[in-house]
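>>> Below are the sequence and a predicted model for it; my questions follow.
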Amino acid sequence: MINKNLALILSSALVTTSLTAQTDIEKLQTEIDLLKTQSDILAEELLDISTGSFTKVDDSKAHNGLGAAASKVYYSQSPLSIGGYGEMFWAKTEGSRSFVDVYRFIPYFGYKFSDTVILNTEIEFEHGGSQSVKLDGNSESAVSGKILIEFMYLDFLLHKSANIRVGNLLVPMGITNLRHEPTLFPTVQRPTIEKLLIPSTWHENGVLVYGDIADTGIEYTTGIINALNINNTSTKGGKEKWIRDGRLGSANKAPFKPAFVGRLDYRGINGLLTGGSLYVGDGSNQKDDIAGTTMTIFEVHAVYNYQGLSLKGLYTISMLDGAEKYAEDASEKASGYYVTASYDVGTLIGSDFKTLIFAQYENYNTREKLANGGSKEATNIINFGANFFPTDQTVLKADYQIKDDKNKSDKVNTASLSLGFLF
């Protein structure tokens, strides 16, 4: 009897021990699974921090007026930041053959040496680079693209009210020159006025100081940059690109002559940006200078965003004092303005996809007053079309342009389609 009871006790103890061990194993396995899940989450967060979230652009963040992708390094958790943008388009002008252009691919590389010393760079690849192709079965012909440094500078972040930028940098003028990523303007091409009169993309060697003025909502940028060389063949030949062709940019051993640039912006009203900028420098900046000429460019601008509505406008005027020293019919004065209106119709139907319809009007005259007292007629351009954003950082564009240039011909109509992205 005793043996039977002992057997029962031992059997019960073994069962209890077995059940306890099984429960402990299940608890241990649950804890292991939980730790593995937490480890995976932590690994993802560490990867996100180490890469600076390079696959995502925060459209709400901009540093000193730059576009979102160009501003990434300032907000990156990682020392190294990689971003960029690209665009390509198809166009058909009335009476001409259609074409496709792999227009731009632009990588941004930034690096934080410390929280206060930051490197930011932009490298531009245009028109697919340089290559040789056969067109219409003819012999090979060179198709010329280009690769260049569009900016490369060090930022010294000293204080909210005063920071220093040194190197090859974007000239702080206009709307598009600082914010030229393709998701930031609705037309396939950038506004013509911000190509010819404010020669975007305009970048020069120099030093800038920038910051906020107390709590006024006013931002300033001022400094010394390399002067435009208006003593060029386009000025002497009476061409409309006489300002644009004055850029020296990051050219090899470019002559350096200091010019002044200054900008003020006011952001104290929600959704509104207003401001203006001024450039003043010698007109001739080359080995064989022509003394006694001065180039002045002034512009005012405004941007207003309210819910799905966006309004944008700019006016600029350029004066070349001493133009007669270059040629009798060199341009002495140029001016122009444009206005752009767009509306996100997706907000009317509650769509998650941003869909803009837009219209833009430009009026400009690059040769409004000539050194000999003559003048040319103004050019008018009307653009209208639509943008569709599959995501916040990708866009498909369609626009139709009507250009009325009485100095050359009658109205010229061009249809265009494009894709653009930033990252």
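On my side now, so go ahead. Just so you know, these numbers come straight off a predicted model, no measurement behind them.
>>> Show the residue spans covered by the strands in the stretch 101-250 of the chain.
In the stretch 101-250 of the chain, the strands defined using DSSP state E, counting those that start in this stretch lie at 117-126, 131-133, 141-143, 146-159, 162-170, 203-213, 218-226.
>>> could you give me the average pLDDT of the second one?
The one in question is strand 131-133. The average pLDDT within strand 131-133 is 63.
>>> looking at the strands of the stretch 101-250 of the chain, which one has the lowest mean pLDDT?
When these are ranked by mean pLDDT, strand 141-143 comes last with a mean of 56.
>>> who touches the closest residue to residue 225 other than its chain neighbours in this structure?
Once flanking residues are discounted, residue 225 sits nearest to residue 206: 3.3 Å by Cβ to Cβ, 6 or more residues apart in numbering. Glycine gets a C-beta too; all of them are placed from N, C-alpha and C. Contacts for residue 206 (Cβ atoms under 8 Å, 6 or more residues apart in numbering) come out as 166, 169, 223, 224, 225, 226, 258, 261.
>>> and if we set it to 10 Å?
Contacts for residue 206 (Cβ atoms under 10 Å, 6 or more residues apart in numbering) come out as 153, 165-169, 171, 223-227, 256, 258-259, 261.
>>> Which one (most neighbours) among those residues?
residue 171 (29 neighbours; other Cβ atoms under 10 Å).
>>> How about the contacts made by the closest residue to that residue other than its chain neighbours?
Distances taken as Cβ to Cβ, 6+ apart put residue 202 closest to residue 171, at 4.4 Å, once the chain neighbours are dropped. Neighbouring residues of residue 202 by Cβ under 10 Å, 6+ apart: 150, 170-174, 176-178, 194-195, 225, 228, 243-244, 246-247, 249, 261, 279, 297.
>>> circling back: possible to save the strands of the stretch 101-250 of the chain as TSV with distance to residue 105?
Shown next, in TSV, are the strands of the stretch 101-250 of the chain (distance: least, Cβ to Cβ, whole Å):
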stretch	distance to residue 105
strand 117-126	5
strand 131-133	14
strand 141-143	16
strand 146-159	10
strand 162-170	18
strand 203-213	17
strand 218-226	26
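>>> Which of the ones you listed sits closest to residue 361?
Within the strands of the stretch 101-250 of the chain, the stretch nearest residue 361 is strand 162-170; the backing value is 26.0 Å (Cβ to Cβ).
>>> Surely residue 69 touches residue 122?
Yes - between residue 69 and residue 122 there is a contact under Cβ atoms under 10 Å: 9.4 Å.
>>> between these two, what contacts are shared?
83, 84, 85, 106, 107, 108.
>>> Might you report the residue contacts of residue 158?
Counting by Cβ under 10 Å, 6+ apart, residue 158 touches 116, 164, 209, 211.
>>> Neighbour count for these - can I get that in CSV?
Listed next are the contacts of residue 158 as CSV, based on neighbours: other Cβ atoms under 10 Å:
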residue, neighbour count
116, 12
164, 16
209, 16
211, 17
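>>> May I ask which two of these are separated the most?
Farthest pair in those, by Cβ to Cβ: 116 and 209, 14.9 Å.
>>> Residues in a beta bridge with residue 123, which ones?
Judged by DSSP bridges, the bridge partners of residue 123 are residue 149.
>>> Compute the first-to-last residue distance for stretch 345-356.
With Cα to Cα, to the nearest Å applied, stretch 345-356 spans 6 Å between its terminal residues.
>>> Tell me which residues of that stretch come out buried.
By 16 or more other Cβ atoms under 10 Å, the buried positions in stretch 345-356 come out as 346, 354, 355, 356.
>>> and what of stretch 57-66?
Going by 16+ other Cβ under 10 Å, stretch 57-66 has these buried residues: 57, 62, 63, 64, 65, 66.
>>> Residue 238: which of those residues is nearest?
residue 65 (34.2 Å).
>>> was I right about the closest one contacting residue 179?
Yes - counting by Cβ under 10 Å, residue 65 touches residue 179, with 6.9 Å between them.
>>> Grab the nearest non-local neighbour of residue 62.
Closest to residue 62 by Cβ to Cβ, 6+ apart is residue 71, at 5.1 Å.
>>> Can you give the domain ranges for the chain?
Domain assignment for the chain, taken from automatic domain parsing, gives 1-51, 90-96+166-422.
>>> got CSV for the ones you listed, with distance to residue 128 too?
Listed next are those as CSV, based on distance: least, Cβ to Cβ, whole Å:
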stretch, distance to residue 128
domain 1-51, 29
domain 90-96+166-422, 14
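>>> right, so these: which one is the most enclosed?
Sort the domains of the chain by mean neighbour count, taking mean count of other Cβ atoms under 10 Å, and domain 90-96+166-422 sits at the top with a mean of 18.
>>> So what would you say the end-to-end distance of it is?
End-to-end distance (Cα to Cα), domain 90-96+166-422: 19 Å.
>>> what element comes up after the lengthiest strand in the chain heading to the C-terminus?
Secondary structure assigned by DSSP state E gives strand 354-370 as the longest strand of the chain. Once the chain leaves strand 354-370, the next helix or strand it forms, by DSSP states H and E, is strand 379-391.
>>> just the angle between that following strand and strand 354-370, please?
Orientation check (axes from the mean of the first three to the mean of the last three Cα atoms, to 10 degrees): strand 379-391 against strand 354-370 gives 160 degrees.
>>> Name every strand pairing with the very next helix or strand once past strand 379-391 and say which way it goes.
Tracing the chain C-terminally past strand 379-391 and defining elements by DSSP H and E, one meets strand 394-405 next. The pairing partners recorded for strand 394-405 under DSSP bridges are strand 379-391 (antiparallel), strand 412-422 (antiparallel).
>>> how far is strand 394-405 from where the chain is centred?
19 Å (Cα atoms, centre = their mean, to the nearest Å).
>>> residues touching residue 413, list them.
Contacts of residue 413 (Cβ under 10 Å, 6+ apart): 92, 93, 94, 95, 382, 400, 401, 402, 403.
>>> Of those, which is the nearest to residue 184?
Nearest to residue 184, judged by Cβ to Cβ, of these is residue 401 at 18.8 Å.
>>> Can you tell me how far the closest one is from residue 381?
6 Å (Cβ to Cβ, to the nearest Å).
>>> same deal with residue 392?
28 Å.
>>> Residue 184 too?
The gap separating residue 184 from residue 381 is 19 Å, by Cβ to Cβ.
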